[in-house]
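# no sequence on hand, only this structure:
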Ligand code: GDP
């Protein structure tokens, strides 16, 4: 799961900070030492870590933070803000040309980074938005790459322009734009050839394509699992070819997160999207604030809600959003939330977006049968118990466990999870934006 190990370490540091009523300068310094170690272990660029720790420390010690009412939470808030800044603060979109003008997007990256898959993912996103993308097979060195693009294009319902593997990529790019103009395609996405390592031929070819056609956006695809190598690749590509933005793939399998935390600072280029799986709809827009929330174990309710909105009707999603913000949800809502998550698929990832749940469910058996067991526990509760979980005392727990046919420890665990989630929600709505909670500041 994305950032799992980093997240766990940071949450432990924060737990210590929160538990202290008063904080001294040396408490903060000790905590920052731990944060530093966690970031380095997560393979974050050394210089980036150094600057980050200094920025947090200066702010935490310099201002009146330590004399404030809740210094632990203030320090955590500063960490959150600085981490968002590290990843660019705001979301950056791929820039398109106005109106119906053809936008040419060049996709670059090393072999195996996920370039061809991501190219098809992006095309699907544009198609959903009512654009008319054209995929172009410029990787003439691997016939399998052409086939792969064709298969993925077909899955996405997006046309693929190919001239086989005998033509020069520059000529293919030129011809594809004529083809797009004739066929009414307004976005041309060039899938170029990668190599196993940075090499001069690859760079020269990319530069040649950029000189021959009017490339509007050059997007680099890097593999999160390669950590600092991904950062170095991004630096190199940017210096030699020039890139407008980066897409980080395989974040679903990257427990460390070093690439995502370093790339923006090292290259100055924004992260546009993140790949979260092999399926063609596993591509998420990159939101620095939401990503920070996930890393810090505060969940990512907004992404969760957006996924819910795509599956559930708007009114229900809005209602859930308000309940989550006010931390007034009940076991019935919990049940409904679970039903939605089930519908949305990707259980483990979904649950990690719920504040307070991600870390606890780590290593748990996150399959549908686990959900069914949880549901059967909630179904064994009375209406009153579901609405006011506080009344569930030990004897009620025993009755519920018998009814659901599970050991009492499972009922205890569920009640604890539920209370933790509520507590976390309350803390966060107090910390970031009060009752109303501004969008993106949850
Ligand atoms: P290319 O050589 O850069 O074009 O890479 P491919 O698009 O062929 O992808 C290489 C492998 O990575 C394939 O098996 C993809 O299914 C896989 N892949 C791509 N993106 C992701 C992602 O976001 N998550 C996961 N888990 N796998 C991915």
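That came through, no problem. Quantities reported herein were computed from a predicted structural model and do not represent experimental measurements.
# for the stretch 201-350 of the chain, what lies in contact range of the ligand?
249, 250, 252, 253, 275, 276, 277, 278, 282 (C-beta under 6 Å from any ligand atom). Any C-beta I mention is one placed from the backbone N, CA and C, and that applies to glycine too.
# got a winner among those residues for most neighbours?
residue 249 (30 neighbours; other C-beta atoms under 10 Å).
# and that residue, how far from residue 154?
21 Å (C-beta to C-beta, to the nearest Å).
# cool, residue 247 as well?
For residue 247 relative to residue 154 (C-beta to C-beta), the value is 22 Å.
# swap in residue 136?
15 Å.
# among the residues of the stretch 201-350 of the chain next to the ligand, name the ones in strands.
249, 275 (DSSP state E).
# and the residues of the stretch 201-350 of the chain next to the ligand, which two are the farthest apart?
The most widely separated members of those are 253 and 282, with 11.5 Å between them, by C-beta to C-beta.
# now residue 68, nearest residue through space, not along the chain?
residue 74 (5.4 Å; C-beta to C-beta, 6 or more residues apart in numbering).
# got the contact list for the one you found?
60, 65, 68 (C-beta atoms under 8 Å, 6 or more residues apart in numbering).
# more neighbours, residue 136 and residue 154?
residue 136 (32 against 12).
# Three-state assignment for the residue nearest to the spatial centre of the chain, please.
Among the residues of the chain, the one closest to the centroid is residue 291, at 5.4 Å (C-alpha atoms, centre = their mean). Assigned with DSSP: H, G, I helix; E, B strand; the rest coil, residue 291 falls in the helix class.
# and it, what's its pLDDT?
Note on residue 291: pLDDT of 90.
# verify the stated contact: it with residue 86.
No - in this structure residue 291 lies outside contact range of residue 86 using C-beta atoms under 8 Å: 10.1 Å.
# which residues sit in contact with the residue of the chain found nearest the ligand?
At 2.4 Å from the ligand, residue 275 is the closest residue in the chain, using C-beta to the nearest ligand atom. Counting by C-beta under 8 Å, 6+ apart, residue 275 touches 114, 117-118, 121, 224, 247-252, 282-283.
# next, give me the two most distant ones among those residues.
Farthest pair in the contacts of residue 275, by C-beta to C-beta: 121 and 224, 15.0 Å.
# looking only at neighbour counts, state which of the two leads.
A count of neighbours by other C-beta under 10 Å puts residue 224 above the other of residue 121 and residue 224, at 27 against 23.
# can you give me the strands for the stretch 51-200 of the chain?
With DSSP state E, counting those that start in this stretch, the ranges of strands along the stretch 51-200 of the chain come out as 103-109, 133-137, 160-161, 187-191.
# nearest to residue 329, out of those?
Closest among those, using C-beta to C-beta: strand 133-137, at 40.1 Å.
# is the closest one anywhere near the ligand?
No - Strand 133-137 lies out of reach of the ligand by C-beta under 6 Å from any ligand atom, never closer than 11.0 Å.
# what sits up against that strand?
By C-beta under 8 Å, 6+ apart, strand 133-137 touches 119-120, 122-123, 126-127, 145-146, 149-150, 152-153, 158-163, 172-173, 176, 179-180, 183, 185-191.
# just the buried ones from these?
119-120, 122-123, 126, 145-146, 149-150, 152-153, 158-163, 172-173, 176, 179-180, 185-191 (16 or more other C-beta atoms under 10 Å).
# kindly identify which of these also come near the ligand.
Counting by C-beta under 6 Å from any ligand atom, no member of the buried ones among the contacts of strand 133-137 reaches the ligand.
# these in helices, which ones?
119-120, 122-123, 126, 145-146, 149-150, 152-153, 172-173, 176, 179-180 (DSSP state H).
# now, which of these sits nearest residue 302?
residue 122 (21.6 Å).
# list the contacts of that closest one.
94, 105, 107, 133, 189, 273, 283.
# buried ones among these?
Counted by 16+ other C-beta under 10 Å, the contacts of residue 122 give 94, 105, 107, 133, 189, 273, 283 as buried.
# show me which pair in the residues you listed is furthest apart.
133 and 273 (14.9 Å).
# my read: residue 92 touches residue 245, true?
Yes - counting by C-beta under 8 Å, residue 92 does reach residue 245; the two are 6.2 Å apart.
# joint contacts of the two?
270, 271, 272.
# mind putting those into TSV with distance to residue 215?
TSV is the format used below for the shared contacts of residue 92 and residue 245 (distance: C-beta to C-beta, whole Å):
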residue	distance to residue 215
270	17
271	20
272	16
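# looking at those residues, which has the most residues close by?
Of the shared contacts of residue 92 and residue 245, with other C-beta under 10 Å as the count, residue 271 tops at 26 neighbours.
# bridged to that one, which residues?
residue 246 (DSSP bridges).
# who are the contact partners of it?
Applying C-beta under 8 Å, 6+ apart, we find residue 271 in contact with 87, 88, 92, 245, 246, 247, 248, 260, 263, 264, 286, 288.
# residue most distant from the centroid, the chain?
residue 395 (42.0 Å).
# elements contacting whichever strand or helix holds it?
Applying DSSP states H and E as the criterion places residue 395 in helix 394-404. When contacts are defined as 3 or more C-beta pairs under 8 Å, 6 or more residues apart in numbering; DSSP states H and E, helix 394-404 sits against helix 368-379, helix 408-431.
# show me the protein divided up by domain.
4-86, 103-295, 301-431 (automatic domain parsing).
# tell me which of those sits most buried.
Compared across the domains of the chain, domain 103-295 shows the largest average neighbour count, a mean of 20 (mean count of other C-beta atoms under 10 Å).
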